[in-house]
Every structure is written in C-alpha cells, then in structure tokens.
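> Have a look; sequence and predicted model below, questions after that.
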Amino acid sequence: MIPYGKHQIDQEDLAAVIDVLQNQLLTQGQQVPVFESALKNYCGAAHATAVNSGTSALHIACLALNVAEGDLVWTSPNSFVASANCARYCGAQIDFVDIDPITRNLSVEALAQKLEKAKQANRLPKAIIMVHFAGMSCDMRAIHALTAPLGIALIEDASHALGGRYLDKPVGGCQFSDVCILSFHPVKSITTAEGGAVLTNSATLAEKLRLFASHGITRAADLMDVESEGPWYYQQIALGYNYRLSDLHAALGVSQLRRLDSFIAKRRELVQIYREKLAGLPLVLPLTSSDSAWHLFTVELRQHDRSEIFARLQKAGIGVNVHYIPIHLQPYYRKLGFRPGDFPYAEAYYQNALTLPLYPGLSVDNQQYVIDTLISILG
C-alpha cells in the first residue's frame with residue numbers, strides 16, 4: 001500500500017538516536033535544548049518550547065494565554081479535532097469561522113463579519129486559532145489587522161506548515177501572532193516520532209509555556225515564594241502537566257531539521273508533477289503556492305462519488321485519505337449545539353475532498369502509478 005504520508009529516516013537519524021541511547025540522558029538532558037534552539041533559529045522566533053505532541057503544544061498555548069472557563073475561542077472547522085479540543089481542555093467554549101473555498105484556510109471575510117456580530121453582542125473571543133491547512137499559511141497580516149484593536153490573542157496552528165513561508169519569512173516567526181505551534185508526527189514536515197513545539201517572541205509567555213509543560217515546577221529562585229533551600233530545591237507554582245519531550249525524540253528532531261529544506265523541496269517537486277499530470281481530470285486542484293510546505297495534496301472530485309473512488313484507489317493499493325471531517329460535525333461537538341449547515345464551505349469541501357499520497361520518499365514510479373490509476377478511474 002502506498003500511504004498518503006510517511007516519515008523518511010536515514011543513517012544520520014539512526015546514529016543520533018543511538019548516541020543518546022548509549023551515551024546521554026534519555027530525558028531532561030541536552031538534546032531538547034539543542035532542538036529548541038535549532039527550531040527558534042530556523043523559524044525566526046525568540047523562544048521555543050518542545051513538548052510531546054502538537055496537541056500538548058496547543059493546550060499549553062491556550063493555558064499560557066489564560067484561556068479559561070467562560071472564555072470563547074474560535075478556530076477553523078477544517079482541521080483535526082485537536083485544534084478545537086485544546087480550548088475545551090481549558091473549560092472554554094468553542095466556535096468556528098468558515099473557510100475560504102479556494103485556500104481552504106479560515107476565511108478573512110467570514111472572520112470580519114463574525115467579529116462585527118460578536119462586537120455587537122459583546123461576546124468577542126479570547127483567542128483565535130488559525131490552522132495553516134495543508135501547509136499554506138493563513139493571511140496572518142489581515143487577521144492581525146482585524147483582531148489587534150480588539151485585544152484578541154492569536155495562535156497559529158502550523159502543524160502542517162513547518163518549512164513554509166509567509167510574506168517571505170519562515171512560518172513560525174510569530175510576526176503576527178502571540179504563539180505558533182508545530183507538530184512532528186511522522187507524516188509532518190519533520191518527525192520526532194511524536195512531538196510538538198510552541199514558538200513565541202514573548203519572554204513572559206515562554207516562561208509560562210515551560211511551566212505548563214513540566215508539572216508547573218520551577219527551580220528559578222526569583223519565581224519562588226520563599227528562599228531556596230539548596231540546589232535540589234524546586235517549587236510547584238502552577239498546575240502543569242508532564243508534556244516534556246524526551247531526548248531520544250529531540251535528537252531525531254535535530255537530525256531531521258537539518259534536512260527540512262530538502263524535504264520541502266521534494267514535496268514541491270511532487271506537487272508540480274501532480275498539477276501537470278492531473279490537470280485534465282474532473283478534479284479541483286489545490287491553489288498553487290510556492291510558499292506552502294505542502295504537507296497534504298488534497299483534491300476535490302467534481303463528478304464522481306467519493307466513496308466509490310476512495311474504495312477503488314484503496315483496492316489498487318493507494319492509501320488515499322480524507323482531510324478533514326469538519327470538527328463541528330463530530331458527535332461531541334454536535335452535543336454542544338453545532339449542526340450541519342453551520343459552516344457550509346467547510347462542509348462542501350469535505351463532501352468531495354480526497355488526499356493523495358505526498359511525502360519526500362514517494363518514488364517516481366509510485367507517484368506515476370497513483371496518477372495512472374486516477375486517470376484510469378476518472379478519465
């Protein structure tokens with residue numbers, strides 16, 4: 001089966017992990033700080049906090065921004081459920097902003113309209129989580145212009161977008177946001193097996209993020225309410241979590257990050273081939289972007305039944321997928337009052353969406369097989 005996404009591991013990756021196993025601390029050693037430093041340098045942010053998943057990154061981002069019970073958080077319905085769940089972990093209410101059918105990202109026009117109604121109702125969100133779907137950044141400058149006068153915190157969910165660019169700068173620099181989160185799941189731009197990170201330019205937020213990621217514990221004397229009793233002494237000053245990334249995972253991340261640009265370049269090559277060879281089929285192809293990290297290559301079927309096409313491709317050994325079932329249609333969120341029809345563009349996109357295989361190790365022959373099979377079925 002040709003998967004829709006897959007990690008790529010080489011001998012340098014293996015050597016980095018083996019070195020930690022044989023010669024270093026497995027956790028709370030030196031590799032996590034090295035990885036954090038490499039991430040912030042690559043993305044252009046002042047601070048980076050590595051954690052054990054993108055979901056954990058979203059959770060502590062909300063916590064650091066003081067999202068709490070009674071608050072309201074908005075996000076895109078076209079994402080994995082973690083983009084909304086993180087607010088619910090904090091006791092906040094969630095709502096969604098429909099997508100732009102062309103970019104499939106959160107619609108700036110829909111956001112402007114929703115903000116105007118929220119101002120009139122005196123019910124503005126505490127934070128908005130923008131999802132850079134499939135690797136293409138949302139229009140962060142426009143979103144910031146709408147939200148900054150209202151004091152709304154902005155969280156970039158860049159789980160798909162590490163290695164991408166926005167306004168000629170790397171995604172993750174937080175130029176127009178308070179924090180930006182990353183994911184290192186095996187199908188993402190780079191992998192740590194499981195892992196994530198939060199980037200920010202705020203020293204205050206960075207301090208909170210580290211506390212929430214590590215039990216709320218500090219060894220910093222200036223943060224304690226009494227004098228330290230010695231070098232062994234620590235205090236829990238907040239209710240935190242054990243979201244730490246291990247040094248094994250971090251070592252893999254450091255090694256992978258060195259090849260990130262080559263991974264993205266390969267993804268872009270594969271996307272160009274898809275665009276050229278699928279152009280004549282009854283498909284809506286994703287918007288062309290030289291800045292996208294191209295985590296996913298998602299098409300929309302124009303004339304055919306998605307279930308039938310999905311089944312035929314799977315039977316042919318092609319592991320297509322669907323990204324995403326709109327979050328508000330999940331049973332948990334329907335119980336909160338959301339209904340079909342609430343966000344029509346996200347729902348219309350989902351009805352016809354199909355994700356084709358895309359990853360740096362996808363061979364020329366395997367990609368051509370995917371293309372030939374699609375032509376055979378749809379042409």
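In hand now; what should we look at? Residues are numbered from 1 along each chain as shown.
> and the nearest residue to Arg258 once chain neighbours are set aside, how many neighbours does it have?
Spatially, and ignoring its direct neighbours in sequence, Arg258 is nearest to Glu12 (7.7 Å; CB to CB, 6 or more residues apart in numbering). Glycine gets a C-beta too; all of them are placed from N, C-alpha and C. Neighbour count for Glu12, taken as other CB atoms under 10 Å: 13.
> same deal with Glu116?
Neighbours of Glu116 using other CB under 10 Å come to 11.
> Does it lie in a helix or a strand, and which?
helix 108-120 (DSSP states H and E).
> What helices and strands are in contact with that helix?
helix 140-147 (3 or more CB pairs under 8 Å, 6 or more residues apart in numbering; DSSP states H and E).
> Check what pLDDT His47 gets.
Here the pLDDT value assigned to His47 is 98.
> Show me what it is bridged to.
Thr200 (DSSP bridges).
> for it, what are its contacts?
Shown in contact with His47 (CB atoms under 8 Å, 6 or more residues apart in numbering): 40, 199-203, 205-206, 209.
> The stretch 151-300 of the chain: helices as residue ranges?
For the stretch 151-300 of the chain, the helices defined by DSSP state H, counting those that start in this stretch occupy 203-213, 247-257, 260-277.
> Now do the last one: distance to the chain's middle.
Average the C-alpha atoms of helix 260-277, do the same for its chain, and the two points are 20 Å apart (CA atoms, centre = their mean, to the nearest Å).
> That helix to helix 247-257, inter-axis angle?
60 degrees (axes from the mean of the first three to the mean of the last three CA atoms, to 10 degrees).
> buried ones in helix 260-277?
Burial within helix 260-277, assessed by neighbour count using 16 or more other CB atoms under 10 Å, is assigned to 260, 263-264, 266-268, 270-271, 274, 277.
> so can I have CSV of those residues showing pLDDT and distance to Gln113?
Formatted as CSV, the buried residues of helix 260-277 follow (pLDDT from 0 to 100; distance: CB to CB, whole Å):
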residue, pLDDT, distance to Gln113
Leu260, 98, 37
Phe263, 98, 38
Ile264, 98, 34
Lys266, 98, 39
Arg267, 98, 34
Arg268, 98, 34
Leu270, 98, 37
Val271, 98, 32
Tyr274, 98, 34
Lys277, 98, 39
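> hmm, back to that, for Lys335, find the nearest of the helices of the stretch 151-300 of the chain.
helix 203-213 (27.7 Å; CB to CB).
> Contacts made by the closest one with the rest, please.
46-47, 49, 51, 56, 59-61, 63-65, 178-179, 198, 200, 217-218, 237-238, 240-241, 243-244.
> repeat that for 6 Å
Contacts to helix 203-213, defined as CB atoms under 6 Å, 6 or more residues apart in numbering, come from residues 47, 49, 51, 60, 63-64, 198, 200, 238, 240, 243.
> now stretch 318-329
1-4, 77-79, 81, 84, 96, 296, 298, 310, 313, 333, 338, 342, 346-347, 350, 353-355, 370.
> Which ones among those residues lie within helices?
Among these, DSSP state H puts 84, 310, 313, 333, 346-347, 350, 370 in helices.
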